[in-house]
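A.B. asks: Okay, here's the prediction I keep looking at, along with the sequence it came from:
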Amino acid sequence: MIKILVAYSSAGGNTERLGLAVKEGVESISGCTAVFKRASEVEEDDFKSADGIIAGSPTYFGNMSAELKDMFDRLVFLRRAGGMEGKIGAAFTTSGHPSGGKETTIMAILQAFLIYGMIVAGDPISAGGHYGVACQGSPSPKDIEDAKALGRRVAELAKKLCS
């Protein structure tokens with residue numbers, strides 16, 4: 001069974017809603033399951049046992065939230081141990097403003113995955129084909145579909161890498 005961790009930070013609920021759609025996309029792929037956790041609740045085994053991680057955060061000053069950053073910082077020893085190398089990483093974000101720094105937030109998350117030695121994936125062409133999924137405010141039906149597509153893409157990539 002392929003396991004994808006969907007780790008998120010959400011103050012107002014928008015990022016959590018987008019993350020639930022990502023989870024649904026992962027679980028729509030046969031042989032894949034998703035673990036859905038707040039970043040503050042993610043533990044060492046969640047990272048180590050995952051075949052991929054999709055991380056989401058609200059956009060704060062063009063960056064990820066302190067809660068999500070803390071998750072990466074707390075588990076940095078896994079990087080040194082090589083325990084994350086070759087796993088898939090992807091990102092999603094929400095913001096209150098049309099531009100608001102969403103792309104820089106996604107890039108900060110993807111940079112953390114690269115530093116961990118992971119393989120990063122953007123969203124599929126059907127969802128825009130950029131760095132990851134992002135929306136302004138509460139996720140629209142299109143945003144939800146894009147988030148599901150991201151979940152499916154990461155699950156499919158993880159299946160290919162693990163076979």
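C.D. replies: Received the coordinates, thanks. Residues are numbered from 1 along each chain as shown.
A.B. asks: ok, and what's touching stretch 61-70?
C.D. replies: If you take Cβ atoms under 8 Å, 6 or more residues apart in numbering as the criterion, stretch 61-70 is touched by 7-9, 11, 38-40, 55-58, 60, 93, 100-101, 104-105, 108-109. Just so you know, the C-beta spots here come from the backbone N, C-alpha and C atoms, and that holds for glycine as well.
A.B. asks: Try it again at 6 Å.
C.D. replies: 9, 39-40, 57-58, 101, 104-105, 108-109 (Cβ atoms under 6 Å, 6 or more residues apart in numbering).
A.B. asks: What is the lowest-pLDDT residue among those residues?
C.D. replies: Within the set of the contacts of stretch 61-70, pLDDT is lowest for residue 101 (94).
A.B. asks: From residue 60, how far out is that residue?
C.D. replies: 8 Å (Cβ to Cβ, to the nearest Å).
A.B. asks: Over to residue 131?
C.D. replies: Going from residue 131 to residue 60 by Cβ to Cβ gives 17 Å.
A.B. asks: who's more crowded, those two?
C.D. replies: For residue 131 and residue 60, the more surrounded residue by other Cβ atoms under 10 Å is residue 131, and the numbers stand at 22 against 19.
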